[in-house]
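Peer 1: got a predicted structure here, sequence first:
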Amino acid sequence: MPTSKKTPAKKSAAKKASASATRGGNRKSASQDAIALLKADHKHVSDLFDQFEKARSDARKKALAAQICNELTVHAQIEEEIFYPAFKAALKDKEMVPEALVEHGSVKDLISAVQEQEPSGEMFEARVTVMGEFVKHHVKEEEKQMFAKARKSNMDLAALGEALATRKQELMASDAALRSARAMP
Ligand SMILES: [Fe+2]
Ligand SMILES: [Fe+2]
């Protein structure tokens, strides 16, 4: 028994070490609980939508729209993989999570449309603007209803925060790798 226990422990230590090496020693968000992390994402994306509204050049709009799409995709994915299932299980929820998933679906449709389109013209702007309105509504419901309920529940928000942060970094890293591979000649 003791020998069989050693191997997984070693493996997981090695895995952790290599994961933190890949992250380049990034120490942020280790202490953020799940709600703080998700709210920080919301605030960040809301700031990006504000910047998009004020942007003048097509290049700046293109860069901001791409960043908004990437950040929202990663955020939706970590909620769907980690936070929503935990909330559903802890609160026996049959309403908030399904509605949130439908709203994610609408935002993802707009993300695909924006990613496919040239960053100029009124339809591009309209899609990003409507995406911002959908996201604002969705975020308000999450923060006022879902997160408020989660706070009062017995969910382990600290452990979930760590799981969300780890998964977010993995997804961001693979996204960055994908983009740099695309940029190669
Ligand atoms: Fe969400
Ligand atoms: Fe969210």
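Peer 2: Looks like it arrived, so ask away. Numbering: from 1, shown residues only. Ligands and ions are numbered 1, 2, ... in the order given.
Peer 1: for N154, phi and psi?
Peer 2: Dihedral pair for N154: phi -100, psi 20, per degrees, to the nearest 10.
Peer 1: report the contact partners of it.
Peer 2: A90 (C-beta atoms under 8 Å, 6 or more residues apart in numbering). Where you see a C-beta, it was placed from the backbone N, CA and C, and this is true even at glycine.
Peer 1: quick one: it from R167, how far?
Peer 2: 22 Å (C-beta to C-beta, to the nearest Å).
Peer 1: repeat for T129
Peer 2: Distance from T129 to R167, by C-beta to C-beta: 30 Å.
Peer 1: what helices and strands are in contact with the longest helix seen in the chain?
Peer 2: Longest among the helix segments of the chain by residue count, using DSSP state H, is helix 157-183. Other helices and strands packing on helix 157-183, by 3 or more C-beta pairs under 8 Å, 6 or more residues apart in numbering; DSSP states H and E, are helix 34-54, helix 58-78.
Peer 1: report the buried residues of it.
Peer 2: L157, L160, G161, E162, A163, L164, A165, T166, K168, Q169, L171 (16 or more other C-beta atoms under 10 Å).
Peer 1: report the distance from it to the chain centre.
Peer 2: Taking C-alpha atoms, centre = their mean, to the nearest Å, one finds helix 157-183 lying 9 Å from the centre of the chain it belongs to.
Peer 1: TSV please, covering the helices and strands packed on helix 157-183 and showing mean pLDDT.
Peer 2: Output for the helices and strands packed on helix 157-183, formatted as TSV (pLDDT from 0 to 100):
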stretch	mean pLDDT
helix 34-54	98
helix 58-78	96
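Peer 1: these: which one's closest to E133?
Peer 2: helix 34-54 (9.2 Å; C-beta to C-beta).
Peer 1: keeping just the C-alphas, turn the closest one into CSV.
Peer 2: Extracted in CSV, the C-alpha atoms of helix 34-54 (Å, rounded to 0.1, in the frame of the first residue of the first chain):
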residue,chain,number,x,y,z
ALA,A,34,-14.7,31.6,-7.2
ILE,A,35,-17.0,34.6,-7.0
ALA,A,36,-14.2,37.2,-6.8
LEU,A,37,-12.6,35.6,-9.8
LEU,A,38,-15.7,35.5,-11.9
LYS,A,39,-16.7,39.1,-10.9
ALA,A,40,-13.2,40.3,-11.8
ASP,A,41,-13.7,38.7,-15.3
HIS,A,42,-17.0,40.5,-15.6
LYS,A,43,-15.5,43.8,-14.7
HIS,A,44,-12.6,43.3,-17.1
VAL,A,45,-14.9,42.4,-20.1
SER,A,46,-17.2,45.4,-19.2
ASP,A,47,-14.2,47.7,-19.4
LEU,A,48,-13.3,46.2,-22.8
PHE,A,49,-16.8,46.9,-24.1
ASP,A,50,-16.5,50.5,-22.9
GLN,A,51,-13.1,50.8,-24.7
PHE,A,52,-14.7,49.4,-27.8
GLU,A,53,-17.4,52.0,-27.7
LYS,A,54,-14.8,54.8,-27.5
